[in-house]
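J.: Next come a sequence and a model predicted from it.
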Amino acid sequence: MRYTSSITAGSLKLPQSRAVARVLLRGGGEKAWQAAIDTDNVLQAKSPATRRSLAKLIRRRLTSLPPSLLKLVRDGSQREATQACLAGAVMDSPLLGDFLDLALRPLYRTFKTTLSRAAWDDYLEACHGRDPDMPRWTAATSARLRSSVFQTLAEAGYLDSTASRNLQAVHILAAIARPLADHGTPGRYALRCMEVAS
């Protein structure tokens, strides 16, 4: 199954991603990981269940990145870290990546200025043609997915806000593009999806 609802667990979560990147780069194995998440509560989440699900999501995203981008999540500027986090999110969620590639790219190419809410429903319907095993999500789940994806696009600069949803040009930094281009098929996929505004 290509498309899952994993992105409902969160948008880019940059501060939390920086915290997880620090833990991953320190190493120490599973004991150190559990201590950082459960004992030290580096994500500063009140609920243990929320803490663990968010940590799992962010860890999965960040461990898909090349090492240089993981370091940029931890130490880079806000723009560098945001683009690195987006790359991880795209590699983790083809639902997000394909939305950039297949729904947003045509808007930029035809000089549209806004992203409509209906574009999400049209995209989901088209996804069923590409992935017959994709679940038929409830209206509530679809709305949560749309909210997470649109929030991610706003955090990454493709939208000016989730309210007006005006499209903005995004230039992918060389420090992000080069490692992704050298990171095999997943990296090249992420880079193609992220370069929709180029």
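T.: It's in. Numbering: from 1, shown residues only.

J.: Can you show me the helices along this protein?
T.: Assigned by DSSP state H, the chain shows helices spanning 14-26, 29-34, 48-63, 67-75, 78-92, 94-98, 105-109, 118-130, 139-155, 174-181, 184-194.

J.: Among these, which comes closest to Thr4?
T.: helix 94-98 (6.8 Å; Cβ to Cβ). (Each C-beta comes from the backbone N, C-alpha and C, glycine too.)

J.: Map the structural domains onto the sequence of the chain.
T.: The chain breaks down by automatic domain parsing into domains covering 8-76, 90-197.

J.: how much space between the residue lying closest to Pro186 once chain neighbours are set aside and Thr110?
T.: Excluding the flanking residues, the one nearest Pro186 by Cβ to Cβ, 6 or more residues apart in numbering is Met91, at 4.7 Å. To Thr110, Met91 is 27 Å away according to Cβ to Cβ, to the nearest Å.

J.: more crowded one of the two?
T.: Shown here are Met91 and Thr110; by other Cβ atoms under 10 Å, Met91 has more neighbours (23 against 7).

J.: Surely the more buried one touches Tyr189?
T.: Yes - the criterion here is Cβ atoms under 8 Å, and Met91 meets it with Tyr189 at 7.0 Å.

J.: Pick out the residue nearest the middle of the chain.
T.: Ala89 (2.7 Å; Cα atoms, centre = their mean).

J.: check contacts around that one.
T.: Going by Cβ atoms under 8 Å, 6 or more residues apart in numbering, Ala89 touches Ile7, Leu12, Arg61, Leu96, Thr152.
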